[in-house]
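> Structure, please.
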Amino acid sequence: MKISDRKLEPPVDARGRIARTYLYMQDAYERFKISSSQAKLMAGWDKMYPVSEWECERASRIEKTQGNKNKIMTERCKLDN
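Residues are numbered from 1 along each chain as shown. Got it, this is the predicted structure:
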């Protein structure tokens, strides 16, 4: 994590995962809100840094354990795999 001028900048290889986490939280939890500028940033990172095979495998394992789907990952993994 890079910190400068009171701004945090996550590593490039983590941005897609971070974006999809925020998008999932916003979708799954009504009380979780992000600003429109944050939503635009997360949507951009989601597109710029596509899901990896491991992310899809992890989402599948979580779904089997928890019994609920992560719609964000379901959509991304079908598109990319």
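> most centrally placed residue in this protein?
Per CA atoms, centre = their mean, the C-alpha nearest to the average position across the chain is that of R20, at 0.9 Å.
> In space, what's closest to it - neighbours in sequence excluded?
Distances taken as CB to CB, 6 or more residues apart in numbering put I72 closest to R20, at 5.4 Å, once the chain neighbours are dropped. Yep, even glycine has a C-beta here, placed from its N, CA and C like the rest.
> My guess is the one you found contacts Q26. True?
No: contact criterion CB atoms under 8 Å: I72 and Q26 do not qualify, at 9.1 Å.
> So for the two, which sits in the more crowded spot?
For I72 versus Q26, the count of surrounding residues by other CB atoms under 10 Å is larger for I72: 21 against 16.
> continuing past the one helix or strand M42 maps to, what's the next helix or strand?
Assessed by DSSP states H and E, M42 sits inside helix 36-48. With elements assigned by DSSP H and E, the helix or strand that comes after helix 36-48 is helix 53-66.
> buried ones in that following helix?
Going by neighbour count (16 or more other CB atoms under 10 Å), the buried part of helix 53-66 is 55-56, 59.
> Would you format those as TSV with distance to G67 included?
TSV is the format used below for these (distance: CB to CB, whole Å):
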residue	distance to G67
E55	19
C56	18
A59	13
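> Can you list the neighbours in contact with the lowest-mean-pLDDT helix or strand in the chain?
Using mean pLDDT, DSSP states H and E, strand 2-4 stands out as the lowest-scoring helix or strand of the chain, at a mean of 82. The contact list for strand 2-4 (CB atoms under 8 Å, 6 or more residues apart in numbering) reads 8-11.
> So which of those residues wins on neighbours?
Neighbour tally across the contacts of strand 2-4 (other CB under 10 Å): the maximum, 13 neighbours, falls on P10.
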